[in-house]
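In: Sequence first, then the predicted structure:
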Amino acid sequence: MKKPKVLDVFLTFLKIGAFTFGGGYAMMPIMQKEVVDKKKWATDDDIIKLLVISESTPGVLAVNSATFIGYKVAGFWGSTLATLGVVLPSFIIISIISLFLTQFQSIALVKYAFLGIRAGVAILILNAAIKLSKKIKKDIFSYIIIFSSFLVAYFTSFNILFIMMIGALLGVIYGYINAKQNIEEGDNNA
């Protein structure tokens, strides 16, 4: 890969990491704008697949996403520099905050700022969910899975990982049944 492309990957993910508060889900709208809309390194469909893969593999969503996109764009060095770019701003900010943590805790203005940041992050996550949900195939099965997953996650202490695994298993079974029915319908029409 050309060095400018590797540098571009690093600078893009440095920007994403620097302007993201609230973790990986809050990063998704910024990453979608930079990686899909501006750079054309991926499609919206790639981002949806990336979310699924990143959530089902060990590690932080932001790091998994940066590593995947970096590798897709510029190979090994792209993945390495994308990962470094996305974590470097947080590392620097946390290092600085840790030096002054006791002084920050007593300042009311800082507490209010973090409350505002939390509200903004919630809106970013909701916006990403709405935008990405437009790309998902919708049918009664998907609505049932979404609604029941939300109810179980919100009203019980059932581990979210198990909810995801059960949802994935149900999706595979549903897809298999649909594929089998489509084949049978094709045979009957022939």
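Out: That came in fine, so what should we check first?

In: for the chain, what's the longest helix?
Out: For the chain, the longest helix by residue count, based on DSSP state H, is helix 61-99.

In: how distant is it from the center of its chain?
Out: 14 Å (Cα atoms, centre = their mean, to the nearest Å).

In: buried stuff in that helix?
Out: 61-74, 77-90 (16 or more other Cβ atoms under 10 Å). C-beta here means a position set from N, CA and C on the backbone, and glycine is covered the same way.

In: go on, stretch 32-50?
Out: Buried, per 16+ other Cβ under 10 Å, within stretch 32-50: 32, 34-36, 41-42, 46-47, 50.

In: Show the end-to-end separation of it, please.
Out: The first and final residues of stretch 32-50 sit 11 Å from each other (Cα to Cα, to the nearest Å).

In: Give me the contact list for it.
Out: The contact list for stretch 32-50, computed with Cβ atoms under 8 Å, 6 or more residues apart in numbering, reads 8, 12, 15-16, 28, 31, 64-65, 68-69, 72-73, 128, 131-132, 135-136.

In: nearest to residue 184, of the buried residues of stretch 32-50?
Out: Nearest to residue 184 among the buried residues of stretch 32-50 is residue 46, at 32.3 Å by Cβ to Cβ.
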